[in-house]
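*Asks:* Here is a sequence together with a model predicted from it:
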Amino acid sequence: MLPSNKLHVAILMVYNSVNKQLLSPHKEPPSMEKVNAKVEAFRSKGNEALDKQQFSDLIIEWIQKDLHIVLANRMILALLAAPVMAIKTKSAAMNVPRIRPIAEKVPTPLIISAYSVGLVLLQDSRQLHSRSHPSRFHQLTSPQPPVDPSRPPPRSGGAVTLRSRYFSQATLQSNIHSNVIPNTFEYLMSFYIGTPAKNILAIVDTGSDLTWLQCKPCYSCYKQLLPLFDPALSTTYKSVSCESDSCSALPSHDCGSTSQCRYEYSYGDQSYVVGYLATESLGFDSGNSSRLEEVRKVLFGCTHESNGTFDAAGAGLVGLGGGQLSLVTQLGDAIGHKFSYCLPPIDNNSSNGRLKFGSQAVNTDPNAVSTSIITGTPDTFFFLNLESIRVGNETEGIAVKPAQVGSHGGNIIIDSGTTLTFIDDETLQTLISRLTNSVKMPQVSDPDGLFTLCFEDSDGVESAQSKLPDITFHFSGADVVLKPRNMFVKIDEKILCLGLLSTEGMDSKIGIFGNIAQQNFNIAYDLDAKTLTLAPADCTKV
């Protein structure tokens, strides 16, 4: 649902104002009945006669009087759903199978990771950073429901044996990996959790840090295909204290009567998860097909409430960013601060790619190129420097806007959780102009109005791809040649559109190198050397 045009800016004003209020984060919140009463009171006034300034002032007045900051945001989200204030988004613009992050609960037609914290492109060119979302902290101590007797499918090759390893042991460096499975414009990784071990599929996201799974009891969660993880049935599950350094590393946390660390973790598209921080054993495939390699005491979030654009195939998300809570950071020395992945074609549901950790996560291909990973803010993101873009065999590239002051030299991040690639508007328009002049195919409009440049071939998409040029991204020290599959999105059986969008409207103006561009590349991260190495590959065979 989308707010009406007249009130859209007002709602954004409220969000900004809410986040600036000097309220105690531990102020005792009012009852939900009280909040609902205020929501209903506003809904009765939510008509076209209401001025946007009155709208903003009214909600801010409520917040200042007696609303907890978290519940204030819940109220605003509830207001967004008010029938008198909302209109349905065009179904064509929310084509979930085509562009996974565009889903019914996204507030604007944006094509950005549902999971990358803090980067969000809004229709009115304003940005909201790391919005705090509502929680049901008061419900999380409720008795758990009866045990679900269901179990995940057995692992092929016989019984699974867990072999324990601590992070400090060098043996971890050579033999842990995970299958990577394409799933509707996102990628899932397979691993095991708990004792006894249960198989899990979760989103691979280099654009966020917290690893989390939906857990029993789940009060308000999206539906998932795999059984919910039940911490009560695992002998290695342990809650984390609210006073721990790990809890403090969360962007939003709270303490209850039991002093367990309770978190709220939100993403750029209004998706959020709420639960408890804990430690647990994770199991990964190893060189021995009959064994799993176990790493113990891994920090993760046991989520009891979720809302947003999550797909039922995944049971949660694995944060592979650069922050303190990231799985990669936690494994640290045990994997030599190295990991790599190879993403198979997004539309190939019959083959898997591979995510590797440690000494095997290196790229020795003679065609590999390397560029520097730049430390920036926030430390979650892996910043790169994109210098220019070249079309086909052109000798003169299109210069990309340099990084803004304070970004430490990086002007783009690499993110496996974002579908499309974002670059600055001036560069994008020049690129579109050059493609328009060089490609000899009829141009058509995107039926959804999302992409600027589309081509049609009556002989089909494969024929169209053969007529499109390669596009080279020149990073510092590395030319990455992107095939049409990496740069164009299939709209229907005859139409391909350039899958790049502008960073216009994003406060940071930082670009994003999305997962479509990363298909069929073996991409290795060496976080000690601060290098990213890429080589073209058939990721179905890696």
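*Replies:* Arrived safely. Note that the coordinates shown come from a computational prediction; the quantities given were computed from them, not determined experimentally.
*Asks:* What are the boundaries of the helices in the chain?
*Replies:* Under the criterion DSSP state H, helices of the chain are mapped to 5-20, 32-43, 52-66, 69-80, 245-248, 327-331, 425-438, 461-466, 484-487, 515-518.
*Asks:* Lowest average confidence across these, which one?
*Replies:* Out of the helices of the chain, helix 5-20 stands lowest, with a mean of 38 (criterion: mean pLDDT).
*Asks:* mind listing the strands for the stretch 151-300 of the chain?
*Replies:* Listed in chain order, the strands of the stretch 151-300 of the chain (DSSP state E, counting those that start in this stretch) span 161-165, 176-182, 187-193, 198-205, 212-214, 238-239, 253-255, 261-266, 272-285, 291-307.
*Asks:* Put together TSV for those, with mean pLDDT on each row.
*Replies:* Listed next are the strands of the stretch 151-300 of the chain as TSV, based on pLDDT from 0 to 100:
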stretch	mean pLDDT
strand 161-165	35
strand 176-182	93
strand 187-193	96
strand 198-205	96
strand 212-214	97
strand 238-239	97
strand 253-255	87
strand 261-266	91
strand 272-285	94
strand 291-307	93
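*Asks:* Columns mean neighbour count and distance to residue 537 on top of those, output as TSV?
*Replies:* Any C-beta I mention is one placed from the backbone N, CA and C, and that applies to glycine too. Shown next, in TSV, are the strands of the stretch 151-300 of the chain (neighbours: other C-beta atoms under 10 Å; distance: least, C-beta to C-beta, whole Å):
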stretch	mean neighbour count	distance to residue 537
strand 161-165	15	28
strand 176-182	22	13
strand 187-193	23	15
strand 198-205	24	17
strand 212-214	26	30
strand 238-239	14	39
strand 253-255	18	40
strand 261-266	25	33
strand 272-285	24	19
strand 291-307	22	24
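*Asks:* okay, those strands in CSV with distance to residue 429 next?
*Replies:* Formatted as CSV, these follow (distance: least, C-beta to C-beta, whole Å):
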stretch, distance to residue 429
strand 161-165, 52
strand 176-182, 31
strand 187-193, 30
strand 198-205, 30
strand 212-214, 39
strand 238-239, 52
strand 253-255, 43
strand 261-266, 32
strand 272-285, 35
strand 291-307, 36
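*Asks:* Quick check: which of the ones you listed is nearest to residue 439?
*Replies:* strand 176-182 (27.2 Å; C-beta to C-beta).
*Asks:* So which elements touch that closest one?
*Replies:* For strand 176-182, the elements it packs on are strand 187-193, strand 272-285, strand 353-357, judged by 3 or more C-beta pairs under 8 Å, 6 or more residues apart in numbering; DSSP states H and E.
*Asks:* let's go with 10 Å and repeat that
*Replies:* Applying 3 or more C-beta pairs under 10 Å, 6 or more residues apart in numbering; DSSP states H and E, one finds that strand 176-182 contacts strand 187-193, strand 198-205, strand 272-285, strand 291-307, strand 338-342, strand 353-357.
*Asks:* Any chance of TSV for those strands, columns distance to residue 397?
*Replies:* TSV is the format used below for the helices and strands packed on strand 176-182 (distance: least, C-beta to C-beta, whole Å):
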stretch	distance to residue 397
strand 187-193	30
strand 198-205	30
strand 272-285	40
strand 291-307	43
strand 338-342	27
strand 353-357	30
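*Asks:* Relative to residue 384, which of these is closest?
*Replies:* Across the helices and strands packed on strand 176-182, closest to residue 384 is strand 338-342 (C-beta to C-beta), at 15.8 Å.
*Asks:* And for residue 316, nearest residue in space, chain neighbours not counted?
*Replies:* Leaving out its chain neighbours, the residue that sits closest to residue 316 by C-beta to C-beta, 6 or more residues apart in numbering is residue 213, at 3.6 Å.
*Asks:* which stretch among the helices and strands packed on strand 176-182 comes nearest residue 234?
*Replies:* Among the helices and strands packed on strand 176-182, the nearest to residue 234 by C-beta to C-beta is strand 272-285 (6.6 Å).
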